[in-house]
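Novice: Starting from these lines, generate the structure:
(chains A and B)
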Amino acid sequence: MPRVLVIDDEVAILRVLTTGLRARGYEVDTAQTGEGGLAQAALANPDVIVLDLGLPDIDGVEVCRLLRTWSEIPVIVLSAHGAEARKVQALDEGADDFVTKPFGMAELEARLRVAFRHRARRAAADEDPVLEVGPIRIDLARREVQVRFRTVELTAREFDLLAFLARHAGKVVTHRVVLENVWGPEYAYEAHYLRVYANRLRKKLEDDPTRPTLLRTSPGVGYQLVAPDDP
Amino acid sequence: MAGWVVTLAGIAGVTAVLSPLRSRIHVATAALVLLIPVVVGVALSGFAVVPVAVVAGVLAFDFFFIPPYSTLRVGTWDDVIIALVYATVGLTVGGVVAQLRRARREAEELHAETQVLFELSQSLAGEETLDAKLDRILEQLVTALGLDGAAVLLAGAGRVAGALTLAASTGAGLPEAVAERLTGDLDSPDLVLLTGPPPATVAVLRSAEGRLGLLVAIGPPPGDTGRRLLVTFANQTAAAVERARLAEEAERSRVLEQVDRLRSALMGSVSHDLRTPLASIKASISDLADPDLPLSAEDRATLLRTTEQETDRLTRLVSNLLDMSRIQAGALRLHRTATSLDELVAGVTDRLQRSLALELVVDVPHDLPMVDVDHLLVDQVLTNLLENAARHGGPSTRVEVTAAPAGPGWMEIRVTDHGPGIPEAERVRIFDQFYRLRTDGPGAAGTGMGLAICKGVVNAHGGDIWAVPTPGGGATVALRLPTLALGPTPLSDEPDPKPATR
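Specialist: Here you go, the predicted model:
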């Protein structure tokens, strides 16, 4: 039974999330402070953490950073409208995904499922020279990509981009993180490169490039490579 | 005047003494001695003495010392030359001495002026406000020029032509007779003399941007030095006025900036506060509306209850926002009714008991005098105070609500928590709009409106609200509301069941 740790200082939202997630079959732990949340993350060994960015003691972004110093537990950030910058900061600090308040429980659960899968996949794929995300198969050693067993020709840069996204499959990676890792630190703010390459990848990978199911865009934030059976 | 007398007397004296000896002394000697009264006269009275003194000297010399004596006829060319030399030397020496004398006088005046200015700037430096500075300037002007009085008139901040207002005056002030003649458009680069009575001299105060106002000196028209001083005082006054205006502008823009910052801080915290209950409501409802989700009856009840409570919270926040804007707009209209405090308090505590996890201890006797208040607004005040107590109460959830009469005409209500309390330095400011305790973290709930609304409402009732420390730790907020001004309440027609004597 997957275990979720919810860190939020609001009693009401904790109550609602606990009720809804338990009804969906999750085990739920809660914490109302950043300190408490970090302690719970170590003790309860959750499969995923739902983290509100506005905490009374430590800032949520800082909680992300501290958590990432010792743990790879997926983190889904609850962010407020108009706090885009903080959401991106949290993602830069290693958060996996975000949900903007107010949200429906179905939406939150969908993110949770992507995060679980991501965690399972990453645990398996750490040493593997072949990455698989849904129908995409990437042979890192031979730099070959297949979609549904059909080989796709990619340029070197396209391959690097796809490989990076696949290594972080299920996770929203910010423009800055992708650019720094695939292009190099001096390209950190050239988001238009990324858009061009993302569109090229879609043309080569997606069934319908205008309605992508594999490479999703989070407008103004970043990209997320997901298996299409992930909702 | 003294110079003339001395010179002419001197010439007469020298002539009287030397003329009996004229056959025994040289003509040139007589001429030299006759220069002495001229020089002395100039030293005493300035150059004006010189022409007359020289003419008198030459005449006396010619008449008494150049042969043929007792006529103005001249005997030899030598005598003519001596007379011409006498005149030239007399004029030149006189001129030099007069110039020295003038220079000394000017230096003395300059020194006196400098002294006055130094004293003025010294005394201005000690003053904070423009009014004080103007008073100081006028006082010193009156002393320096020996005036009857002085006044400063300033144009309005908007520099409306013709609109002058009296900003400061001293001594005899600004007599009506003078004021009448100060037309609003009076504007001249020079001093303007107004003939009496009483006579006055007016200097226009200027800045780079134009006329600031007028400096009026009441008294006889000043001399050269006085005029210079008056102009200098006018410049000082203009500088002081301009500095004050600039400071005022800077202060105004600083305040605007602060209001701007407050506004965006408010937007931030209000949007956080609006979104928080919305998030719970939306999440609850989305689960309740999901036909496939296996929710137990207990789960359903939890979600419904949360939705209801969070809706209440949202409602409170919205009414707080509305109250706040009404208080700010000065449009808070009280609908006063006779209200019994125990019912009012019970209404609030019943409503909040469930949503705020508080251990409420209420001590509001039902036989207290009624208060004359807008019960909806006072309900809001108590709600805000209890919410604050819940928020800042720390680990202790015990909160006491008490009410008791406080002198004739007033009831005092106290809401007491046992949390960390409020630092003394912040005890007054917590009632300011948007003020939040320093100890509140960035994510702490609260808009900083709650207590400001309480203060606005209580003040609108003529009452007062303040915070004190709770003995043993915590914060107590006390407020006073007016009791009903009428006689005994209608309920008190039954005799008191507790016998006074036994």
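
Novice: any idea how far the most centrally placed residue in chain B lies from B:A247?
Specialist: Central residue of chain B (CA atoms, centre = their mean): B:T129, 4.7 Å from the mean position. Remark: distance between B:T129 and B:A247 (CB to CB, to the nearest Å) = 10 Å. Bear in mind the C-beta positions are built from the backbone N, C-alpha and C, glycine included.

Novice: Is there a neighbour count for the nearest residue to the residue nearest to the centre of chain B once chain neighbours are set aside? I'd like the number.
Specialist: Distance criterion CB to CB, 6 or more residues apart in numbering or on different chains; nearest residue to B:T129, sequence neighbours excluded, is B:A244 at 7.9 Å. Neighbour count of B:A244, defined by other CB atoms under 10 Å in any protein chain shown: 16.

Novice: re earlier: state the distance from the residue nearest to the centre of chain B to B:E119.
Specialist: For B:T129, the distance to B:E119 - CB to CB - is 19 Å.

Novice: before we move on, what about A:I7?
Specialist: Taking CB to CB, one finds A:I7 at 70 Å from B:E119.

Novice: In contact with A:P129, which residues?
Specialist: A:D139, A:L140, A:A141 (CB atoms under 8 Å, 6 or more residues apart in numbering or on different chains).

Novice: ok, now with 10 Å
Specialist: A:I138, A:D139, A:L140, A:A141, A:R142 (CB atoms under 10 Å, 6 or more residues apart in numbering or on different chains).

Novice: just the buried members of the residues you listed?
Specialist: A:I138 (16 or more other CB atoms under 10 Å in any protein chain shown).

Novice: Backbone dihedrals for B:G146, please?
Specialist: Main-chain dihedrals, B:G146, degrees, to the nearest 10: phi 60, psi 50.

Novice: Then B:V468?
Specialist: The phi/psi pair for B:V468 (degrees, to the nearest 10) is phi -130, psi 160.

Novice: what secondary structure does the residue lying closest to it once chain neighbours are set aside sit in?
Specialist: Leaving aside its chain neighbours, B:V468 sits nearest to B:T476 (5.1 Å; criterion: CB to CB, 6+ apart). Recorded secondary structure, B:T476: strand (DSSP: H, G, I helix; E, B strand; the rest coil).

Novice: all helices for chain B, in order.
Specialist: B:2-18, B:27-45, B:49-65, B:77-125, B:130-145, B:176-181, B:224-288, B:297-328, B:341-355, B:375-392, B:450-460 (DSSP state H).

Novice: The first one packs against which elements?
Specialist: Counting by 3 or more CB pairs under 10 Å, 6 or more residues apart in numbering or on different chains; DSSP states H and E, the packing neighbours recorded for helix B:2-18 are helix B:27-45, helix B:49-65.

Novice: How far does the first one sit from its chain's centre?
Specialist: Same thing as helix B:27-45. 64 Å (CA atoms, centre = their mean, to the nearest Å).

Novice: Low-confidence bits of the stretch 351-500 of chain B, can you list those?
Specialist: B:354-355, B:433-448, B:486-500 (pLDDT under 70).

Novice: One more pass at 90, please.
Specialist: B:351-361, B:366-370, B:374-380, B:383-384, B:387-398, B:406-409, B:418-457, B:459-462, B:471-475, B:484-500 (pLDDT under 90).

Novice: quick check: longest helix of chain A.
Specialist: Longest helix in chain A, counting by DSSP H: helix A:105-125.

Novice: can you give me the mean pLDDT across the helix or strand just after that one?
Specialist: Once helix A:105-125 ends, the next helix or strand along the chain (criterion: DSSP states H and E) is strand A:130-133. Summarised as a single mean, pLDDT over strand A:130-133 is 86.

Novice: Neighbours of the closest residue to B:V399 other than its chain neighbours, how many?
Specialist: Leaving aside its sequence neighbours, B:V399 sits nearest to B:A389 (CB to CB, 6+ apart; 4.5 Å). B:A389 is flanked by 28 other residues according to other CB under 10 Å.

Novice: residues touching B:A389, list them.
Specialist: B:352, B:356, B:358, B:360, B:396-401, B:415-419, B:474-477.

Novice: just checking, which of those residues belong to strands?
Specialist: Assigned to strands by DSSP state E, the following of these qualify: B:L360, B:R398, B:V399, B:E400, B:V401, B:V415, B:T416, B:D417, B:A475, B:T476, B:V477.

Novice: who touches the fourth one in this structure?
Specialist: Going back to what we said before, that points to B:E400. Applying CB under 10 Å, 6+ apart, the residues contacting B:E400 are B:359-363, B:389, B:414-418, B:470, B:474, B:476.

Novice: who's in contact with B:D372?
Specialist: Applying CB under 10 Å, 6+ apart, the residues near B:D372 are B:334, B:336-339, B:409, B:411, B:461-462, B:481-486.

Novice: for it, which residues make a bridge with it?
Specialist: In this entry, B:D372 is beta-bridged to B:A338, by DSSP bridges.

Novice: From B:H366, how far off is it?
Specialist: Distance, B:D372 to B:H366, using CB to CB: 18 Å.

Novice: One more: A:L38?
Specialist: According to CB to CB, A:L38 and B:H366 sit 51 Å apart.
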